[in-house]
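K.L.:
sequence and predicted model, in that order:
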Amino acid sequence: MDVSQARVVESEIRVRYAEPDAEGVVYYANHFVYMEVGRVNYLRALGFDPSHWNHSDWGIVVVEASCRYRSPARFDDLLVIRTWPEDVRRTSFAFAYQIVRGKDGRLIADGRTVQVAVDLDTMRPIRLPPEIRETLSAAAAPSSL
């Protein structure tokens, strides 16, 4: 994943007591929660209010998610979630993520999600609103640095 090509937004989260498993390592599914924090903060940084989509006739749904685990995170670790758009299409967009430990920069995990704009009544894909598509495309471009 090449973070140097797009505008990156960083979010911080501290590992909470309930998130590690019996071995003391953050349970694997929680990494997807961290990516969601990054995704919502990214959209907010671009000027979009993610709660607006909950009150309209269309929404964004995650249709694909992957995560590669690199190093363990443990209770009270401060994590930095780096998020950037990787691909923007007519009805969908993809975000890439790196989760690193704040104190030493060690890579904890990297991942990717694909989101699709849908009509909430039919759950069928629709075109991304032009302002969202254009803004995400500009943020994904190397010239946006």
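P.N.:
That came through fine.
K.L.:
the helices in the protein, which residues?
P.N.:
Listed in chain order, the helices of the chain (DSSP state H) span 30-45, 130-140.
K.L.:
contacting residues around the closest residue to residue 115 other than its chain neighbours?
P.N.:
The shortest distance from residue 115 to any non-neighbouring residue, by CB to CB, 6 or more residues apart in numbering, is to residue 60 (4.8 Å). From N, CA and C alone the C-beta is placed, and that goes for glycine too. Counting by CB atoms under 8 Å, 6 or more residues apart in numbering, residue 60 makes contact with 53, 115-118.
K.L.:
make TSV out of the helices of the chain and add distance to residue 103, mean pLDDT and mean neighbour count.
P.N.:
As requested, these are exported to TSV (distance: least, CB to CB, whole Å; pLDDT from 0 to 100; neighbours: other CB atoms under 10 Å):
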stretch	distance to residue 103	mean pLDDT	mean neighbour count
helix 30-45	16	96	19
helix 130-140	28	93	17
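K.L.:
export the ones you listed to CSV and tack on distance to residue 84?
P.N.:
Below are those laid out as CSV (distance: least, CB to CB, whole Å):
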stretch, distance to residue 84
helix 30-45, 8
helix 130-140, 7
